[in-house]
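After the sequence you'll find the predicted model.
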Amino acid sequence: MTNEKKIFAPSELIINEDGSCFHLHLKPEFLADRVVLVGDPARVNTVAAHFDTIEHEVSSREFHTITGTYKGKRITCQSHGIGCDNIDIVVNELDTLANIDYNTRMEKDEHRTLTMVRIGTCGGLQPFTPTGCFVASVKSIGFDGLLNYYAGRNVVCDVPMEKAFCEHMKWDPIKGAPYVAVADADLIEQVAGDDMVKGYTVACGGFYGPQGRQLRADIADPQQNEKIEAFEYEGMKICNFEMESSALAGLAALLGHRAMTCCMVIANRYAKEMNTEYKNSIDTLIQKVLDRI
C-alpha cells in the first residue's frame with residue numbers, strides 16, 4: 001500500500017443510492033471495528049442471539065449483516081457465503097467503509113484497522129483433528145489463486161513455504177500458483193488461546209474435486225490428499241480443508257487489517273467420519289470468539 005491518497009471513480013467504488021456499499025448494502029456508520037465473519041447468512045442470527053443490543057440489520061443476497069454490542073464491545077457480524085471470490089467482495093467492501101470517505105470518494109487521512117475473525121466449519125486432515133475440535137489457521141495455502149491478482153502478495157505471503165509445498169506436491173502449474181497467506185499472529189494468540197489446534201489450512205476453490213472428493217467425475221491427482229496430509233513445514237502440518245481462510249488472511253494483510261480463521265471440524269477425511277449435526281455444537285466456538293475478539 002502507498003501513502004498517496006486516491007480518488008475512486010464510480011465504476012470502481014460503486015455506491016448505492018442510499019449511501020451503502022454495492023454488494024453488502026451496509027453504510028459506513030454501521031460498521032464496527034470488530035467483525036465476526038460467517039459463511040451461512042442464517043448463522044448471523046445465531047451469533048447475534050448473544051448480543052446484548054442490536055443496532056442495525058441488513059440483508060442482500062448471501063450477505064447478511066447485524067451490528068450490535070456484546071459485553072460492551074461493538075461487533076459487526078457479516079456473512080460472506082461460500083468461497084474466496086466472496087471474500088474478495090466482503091473484505092474489499094468492508095475496507096472501503098472503513099477507509100474511504102463515501103462523500104468525496106477519497107481515501108481518509110487516517111487508516112482504520114479492522115479486526116476480522118471468521119468462524120467456519122472444515123474437514124480435518126490429521127488424527128489430532130477429530131470431529132468437534134477447533135482449528136485456528138496460522139497459515140493458509142490458497143488453491144484459489146485470488147491473491148495472485150494483487151500487487152504486493154509476496155510481502156504478506158510465506159514464499160519459501162509456497163516453494164516447499166509445490167515441490168512436495170509435484171504441483172501441476174496448470175492448476176495455477178498456490179499462495180501461502182499468513183494470519184495475524186497476535187490475533188491468533190488472542191483468539192485461539194490454548195484450546196484450539198494451531199496449524200496450516202488448505203483453502204480450496206471448490207468442495208468436491210479440489211478437496212479430493214471423487215464422485216462421477218475423476219480427479220486429476222488421486223493421491224492429492226495423502227500428499228497434503230504428509231506435508232510438514234517448520235514443525236507444523238496441514239490440519240484442515242476449508243474454502244475462505246487464505247483470501248481473508250492475505251487480502252486483510254494487504255489492506256492493513258488483522259484477520260484470522262477458526263473452524264470447527266465437522267468431517268475428518270483421515271478417519272472418514274462426518275458429523276451432520278454440527279449446527280447444534282458450533283455455538284461453543286461462537287461464544288469463544290465473541291469473548292476473545
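Everything's here; your move.

can we go C-alpha only for contacts and neighbour counts from here?
Fine.

show me the contacts for Val155.
By C-alpha atoms under 8 Å, 6 or more residues apart in numbering, the contact set of Val155 is empty.

now it: how far from Asn240?
As judged by C-alpha to C-alpha, to the nearest Å, Val155 and Asn240 stand 24 Å apart.

Glu234 now?
To Asn240, Glu234 is 17 Å away according to C-alpha to C-alpha.

before we move on, what about Ser59?
30 Å.

In terms of neighbours, single out the busier of Glu234 and Asn240.
Legend: neighbour count by other C-alpha atoms under 10 Å for Glu234 and Asn240, higher for Asn240 (29 against 6).

Who is Asp101 paired with across the strands?
Going by DSSP bridges, Asp101 is paired in beta bridges with Met106.

Give me the below-cutoff pLDDT ranges for the stretch 1-150 of the chain.
Scanning the stretch 1-150 of the chain with the threshold set as pLDDT under 70 gives 1-3.

if you set the cut-off to 80 instead, what comes out?
Residues of the stretch 1-150 of the chain meeting the criterion pLDDT under 80: 1-5.

Same check on the stretch 151-293 of the chain?
For the stretch 151-293 of the chain, the ranges with pLDDT under 80 are 269-281.

Now for His25, how many residues are close by?
By the criterion of other C-alpha under 10 Å, His25 has 20 neighbours.

Can you classify it by secondary structure?
coil (DSSP: H, G, I helix; E, B strand; the rest coil).

if I pick it, what's in contact with it?
Asn16, Val58, Ser59, Ser60.

Filter the residues you listed down to the buried ones, PyMOL style.
A single PyMOL command selects the buried members of the contacts of His25 (16 or more other C-alpha atoms under 10 Å):
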select buried, resi 59
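
What ranges does the stretch 1-150 of the chain have for its strands?
Counting by DSSP state E, counting those that start in this stretch, the stretch 1-150 of the chain has strands at residues 34-38, 53-60, 63-70, 73-79, 100-101, 106-107, 115-124, 134-142.

Single out the most deeply packed of those.
Scoring the strands of the stretch 1-150 of the chain by mean neighbour count under mean count of other C-alpha atoms under 10 Å gives strand 134-142 as the most buried, with a mean of 28.

next SSE after that strand?
helix 159-169 (DSSP states H and E).

Format the CA atom coordinates belonging to that following helix as CSV.
Taking C-alpha atoms only, helix 159-169 is exported to CSV below (Å, rounded to 0.1, in the frame of the first residue of the first chain):
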residue,chain,number,x,y,z
VAL,A,159,7.1,-17.6,-0.3
PRO,A,160,9.6,-20.2,0.9
MET,A,161,6.7,-22.3,2.2
GLU,A,162,5.0,-22.0,-1.2
LYS,A,163,8.1,-23.4,-2.9
ALA,A,164,8.4,-26.2,-0.4
PHE,A,165,4.7,-27.1,-0.8
CYS,A,166,4.8,-27.1,-4.6
GLU,A,167,8.0,-29.3,-4.6
HIS,A,168,6.4,-31.8,-2.1
MET,A,169,3.1,-32.0,-4.1
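
In that helix, which residues are buried?
For helix 159-169, burial by neighbour count (16+ other C-alpha under 10 Å) applies to Met161, Glu162, Lys163, Phe165, Met169.
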